[in-house]
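Q: this is a predicted model, with the sequence first.
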Amino acid sequence: MKKFLAAALIAALCLVSFAAVAEGVKVGFIFLHDENSTYDLNFLNAAKEACANLGVEYVLKTNIEEGEQCYDAAAELVDAGCNIVFADSFGHESYLIQAAKEFGDVQFCHATGTQAHTAGLSNYHNAFASIYEGRFLAGVAAGLKLNEMIANGEFTAEEAKMGYVGAYPYAEVKSGYTSFFLGARSVCPTVTMDVTFTNSWYDEALEKEGAVKLIGNGCKLISQHADSMGAPTACEDAGVPNISYNGSTVAACPKTFIVSSRINWVPYMEHMINCVANGEAIEADWTGTIETGSVELSEVNEAAAAAGTVEKLEEVKAALQNGSVKVYDTATFTVNGENLTSYLADVDDMGDYQPETEVISDGYFHESEYRSAPYFDIDIDGISLLGA
Amino acid sequence: MNKELHEPLFHISKRGAVRWYVSWLIRCSAVVLALLVCALITMLMTGENPIRIYATIINGSFGTPRKVWVLLQNISMLLCVSLAVTPAFRMRFWNVGGEGQALAGCFGSAACMILLRNVLPNWAVICCMVVASIAAGALWGAIPAIFKAKWNTNETLFTLMMNYIATQLVAYFCVVWETPKGSGQIGVINSRTEIGWLPVVGGQKYLLNIIVVAVLCALMYVYLGYSKHGYEIAVVGESERTARYVGIKVDRIIIRTMLLSGGICGLAGLLLVGSTNHTLTTTIVGGRGFTAVMVSWLAKFNPVWMILTSFLIVFLERGAGEISTNFGLNQSFADILTGIILFFIIGSDFFINYRLNFRHAAGKEIK
C-alpha cells in the first residue's frame, strides 16, 4: 500500500510539474483516416494520451486527404492557435512542408516522412521508430512456433515456410518483413518466406485474399504489414498462426494470434510537446527505440504461442538493447549468395532515386540512423516476392 | 360504414405550375424542418446543444478568412464539374461519368507535368497541360456518346463504368511515376522547379480557380439559354423525334454536347492538378463527379442556381468536418446530418409538384 501511495504521489507530481511545463502549448493533429483504421487509431490514442499526460490543449482533424486539404488543415490549425502541428501519413509530407515554410514560428512534426533532414527548415521534423527491432522480436516468436510445429511432426524443417502480406514494395514494408524474417531465422534456420503485396495500405478484401493465397501455397504461419483485419481473420478461419501488427488482434483471433509489434507514439508526442514548452529545438529526425518505449510488443497469447516464447523474447530483447544482437547483421543474410560489405541507400530523398549514403559499417546495416524513416530496401535470399 | 363510399384520409394530385414564391416557401420550410430534425437527433444521440452544433457548422465555412477562401475554392471546383455535366443533363443524357472525365483531365495535366518538364519551357508545358487535360476529359465523355449515338447503348451504365477505367488507369500510373520507389504515390510534382504549376493570381492561391469557374458559369448560362446550340440541346432533351422532325442531327448533338461536357470536366481536372494539388491520386476528384449530379438536379439545370446549390453542399460538408473536429464526433455523424438536410430538400420537390388533398378539403372541392 505504501508503495502504491508513493507511486501515485510521484505520478501526481509528475503530472503537475509537466502540466506547468507544457502550459501555453496547443497541439493540432492531422490524421489520414479516423478510428476505423488500425493505423490511425494507434496515432489517435497516442495523441489523446500524450496530451492528457502533459495537460495540453489539442485539436484532432480526421479524414484529411493527402492533398491540398492537408495544407489547408495545417493552416487552419495554426489559425486556431496551435503551436505544434502533427500529421500521421506519408503523403501528407509535401503539404506539411508547404505550411512549415509559411508559418515559421510553428513546429511541424511528421510521422514516417523522409525529407526533414534535407528540407533545410528549422521548424519541420520527421519521426519514426526502430520498429524493425519489434518486428525482429515478433519474428523470433514466429520461429519458435515453427520449431514447435516441426517438433510435433506437423511438417518437416524443410517445409517451414512463412507468408507475409505487405502493402507496397516500399522500404518501410521491406525493412519490416526482412527484420521479421531474420528474427524467425535466428531460431529456425531452415525457414523461408513468401511475400505478396496488395498495393494498398488498407484493403480488407485484398489482404484476406493475399493471406488465403499464401496459406494455399503452403505457408505455415502468416504475418502482415497492412492496416485491416483481413489477414488475421483469414488465419483464424484457416487455423494458421498469425503475427500481427499495430496492436493485438487476440480478441478477434483467440486461437491463432501469437503476438503483435507496434509503434507507441506517446513518447515522441510527449517529447515534441516538452521541447516546445521548454523552448528547445526538436531534432530533424527522431527515431524511437525499445528504450524510449516507442517499440512495443503486445502480450503474448499463450494459447497460440510456443512454450517458452515469453522468456525467449525477454532474452533477445535484452540482447538487442545491449547491442550484442544486431537485426541487420550482415553475417546473417546474403544477397545472391554473397554477404554484403557495402550498400548505398537513398537516404536523401530528392525525388531522384539516387542512392548516396553508405549504410553498412561495423558489420551491420544501420537502419533508421541516418534518417528516422526506414531505408532498408534489399531483397535478401530466402524471401520470394510473389508476382514481382 | 359503406365501403364504396370510404374515402382515404388523403390523396395525391398533380399541381399545376406554382408561383415562384410558393415553391421557395416550400423549399425554405423544408430546410427549417430539416434543421429541427437534425437538432432533435443531435440532442437524442449526443446530448450536445444543437445551437452550438449549428454555430459550429457556420464557423466551419466562415470562421476565418482562410476558411472562406477554402469554401470558395471548394464551391468553384464542385460548380465546375456541375456546369460540365449540365449540358448533357439538359439533353436527357445521364452523364454520371463526371468523376472519370475529371480524373482523365487530371491525368492529362499530370502526364504533361512529368513527361515534358525536362523538354519544354514552363509556359509551353502549361499550354500542353490545358490542351491535354481538356482533350482527355472530352475523349472520356465522347466514347459513351458515340456508342449512344451509333448503337443506342445505355449512357448511364457506360459513363459510370468509364469512371472505374479512369481510376484504374490512374492507379497504374501512380505506380509508374511513384516517388519514392515502392510507395505507390506520386507526391507533389515538380515541387522544386514548380514547372506546370498554374500562376497564382493576386497573391491568393485559390483565386485563379474561382475566376475561371465564375467566367465559365456565365458562359454556360448564355450558351444554354441564348445560343443555337443551347436550343438544340433543349429540343433533343424534350423529344428526340421532334428534333429529328425539325432537321436537327441528333447524333451530332449528342456527341458534340458530350465533347463539351467531358472537356469542361477535363478543365476541372486541370485546375485540381495544376492549380490546387500539384499531384495525382486516384481520389483527387473526391466524388465531385457524383455530387455534381445532385447540384445540377437541385438547381433544375440552371447554371446560376447551381452557385447556390453547390454552396449549400460545400457549406454542409465543411460544417460536417468542423463538427467532427470540435465535438470529437465521428465524421459519420456529420454525414448523417448532411443526409437529413439533403433528404428534406430533395423531398420538398415532391410537394412543389404534387398536392396532398385531405378528406375534408377534398369534400369541399366536390361541392
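A: Ah, there it is.

Q: pull out the buried residues from the helix or strand where residue B:220 lies.
A: Counting by DSSP states H and E, the element that carries residue B:220 is helix B:207-226. By neighbour count, and taking 16 or more other CB atoms under 10 Å in any protein chain shown as the criterion, the buried residues in helix B:207-226 are B:207-210, B:212-213, B:216-217, B:220-221, B:223-224. For glycine as for every other residue, the C-beta is placed from the backbone atoms N, C-alpha and C.

Q: closest one to residue A:129 out of those, please.
A: The shortest distance between residue A:129 and any of the buried residues of helix B:207-226, using CB to CB, involves residue B:209 and amounts to 39.8 Å.

Q: what pLDDT does the model give the closest one?
A: For residue B:209, the pLDDT comes out at 96.

Q: residue B:302 too?
A: The per-residue pLDDT reported for residue B:302 equals 94.

Q: so what's it up against?
A: Counting by CB atoms under 8 Å, 6 or more residues apart in numbering or on different chains, residue B:302 touches residue B:221.

Q: quick one, phi/psi of it?
A: Backbone torsions for residue B:302, taken as degrees, to the nearest 10, come to phi -100, psi 120.

Q: how close does it get to chain A?
A: Relative to chain A, residue B:302 is positioned 29 Å away (CB to the nearest CB, to the nearest Å).

Q: how close does that residue get to residue B:296?
A: Residue B:302 is 9 Å from residue B:296, where distance means CB to CB, to the nearest Å.

Q: just residue B:142 next, same as before
A: Using CB to CB, which is the criterion applied here, residue B:142 is 20 Å from residue B:296.

Q: out of these two, which sits in the busier spot?
A: Ranked by neighbour count (other CB atoms under 10 Å in any protein chain shown), residue B:142 and residue B:296 place residue B:296 first, with 29 against 23.

Q: what helix or strand is the more buried one on?
A: helix B:288-298.

Q: convert the C-alpha atoms of that helix to CSV, please.
A: Extracted C-alpha coordinates of helix B:288-298, given in CSV (Å, rounded to 0.1, in the frame of the first residue of the first chain):
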residue,chain,number,x,y,z
ARG,B,288,-17.4,15.7,-57.1
GLY,B,289,-18.4,13.9,-60.3
PHE,B,290,-21.3,12.3,-58.4
THR,B,291,-22.1,15.2,-56.1
ALA,B,292,-22.4,17.3,-59.3
VAL,B,293,-25.3,15.3,-60.4
MET,B,294,-27.2,16.4,-57.3
VAL,B,295,-26.0,20.0,-57.6
SER,B,296,-27.3,20.1,-61.2
TRP,B,297,-30.6,18.5,-60.4
LEU,B,298,-31.3,20.6,-57.4
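
Q: who does the helix or strand following it touch, helix- and strand-wise?
A: Stepping forward along the backbone from helix B:288-298, the first helix or strand reached (DSSP H and E) is helix B:303-326. Counting by 3 or more CB pairs under 8 Å, 6 or more residues apart in numbering or on different chains; DSSP states H and E, the packing neighbours recorded for helix B:303-326 are strand A:57-61, helix B:50-62, helix B:65-90, helix B:207-226, helix B:288-298, helix B:331-353.

Q: go again with 10 Å.
A: On a contact count with 3 or more CB pairs under 10 Å, 6 or more residues apart in numbering or on different chains; DSSP states H and E, helix B:303-326 meets strand A:57-61, helix A:68-79, helix B:20-46, helix B:50-62, helix B:65-90, helix B:207-226, helix B:288-298, helix B:331-353.

Q: could the ones you listed go into JSON lines alongside distance to residue B:311?
A: Below are the helices and strands packed on helix B:303-326 laid out as JSON lines (distance: least, CB to CB, whole Å):
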{"stretch": "strand A:57-61", "distance to residue B:311": "23"}
{"stretch": "helix A:68-79", "distance to residue B:311": "18"}
{"stretch": "helix B:20-46", "distance to residue B:311": "13"}
{"stretch": "helix B:50-62", "distance to residue B:311": "9"}
{"stretch": "helix B:65-90", "distance to residue B:311": "5"}
{"stretch": "helix B:207-226", "distance to residue B:311": "12"}
{"stretch": "helix B:288-298", "distance to residue B:311": "10"}
{"stretch": "helix B:331-353", "distance to residue B:311": "13"}
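
Q: identify the contacts common to residue B:302 and residue B:296.
A: Taking CB atoms under 10 Å, 6 or more residues apart in numbering or on different chains as the contact definition, residue B:302 and residue B:296 share the neighbouring residues B:86, B:90, B:309.

Q: ok so, going back, for the helix holding residue B:296, packing partners?
A: Under the contact criterion of 3+ CB pairs under 10 Å, 6+ apart, helix B:288-298 touches helix B:65-90, helix B:98-115, helix B:155-176, helix B:250-270, helix B:303-326, helix B:331-353.

Q: which SSE is immediately downstream of the host helix or strand of residue A:205?
A: The secondary structure element spanning residue A:205 is helix A:204-216 (assigned by DSSP H and E). Taking DSSP H and E as the definition, the helix or strand that follows helix A:204-216 towards the C-terminus is strand A:221-225.

Q: quick one: strands adjacent to that next one?
A: With DSSP bridges as the test, strand A:221-225 is paired with strand A:161-166 (parallel), strand A:242-245 (parallel).

Q: how far does it sit from the chain's center?
A: What separates the centre of strand A:221-225 from the centre of its chain is 14 Å, taken as CA atoms, centre = their mean, to the nearest Å.

Q: send the alpha carbons of the very next helix or strand once past it over as PDB?
A: From strand A:221-225 onward toward the C-terminus, using DSSP H and E, the following helix or strand is helix A:230-238. In PDB, the C-alpha atoms belonging to helix A:230-238 read as follows (Å, rounded to 0.1, in the frame of the first residue of the first chain):
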ATOM      1  CA  GLY A 230      -8.100  -9.100 -43.500                       C
ATOM      2  CA  ALA A 231      -5.000 -11.300 -42.900                       C
ATOM      3  CA  PRO A 232      -5.600 -12.000 -39.100                       C
ATOM      4  CA  THR A 233      -9.200 -13.200 -39.800                       C
ATOM      5  CA  ALA A 234      -8.100 -15.300 -42.700                       C
ATOM      6  CA  CYS A 235      -5.600 -17.000 -40.400                       C
ATOM      7  CA  GLU A 236      -8.300 -17.600 -37.700                       C
ATOM      8  CA  ASP A 237     -10.600 -19.100 -40.300                       C
ATOM      9  CA  ALA A 238      -7.800 -21.500 -41.600                       C
END
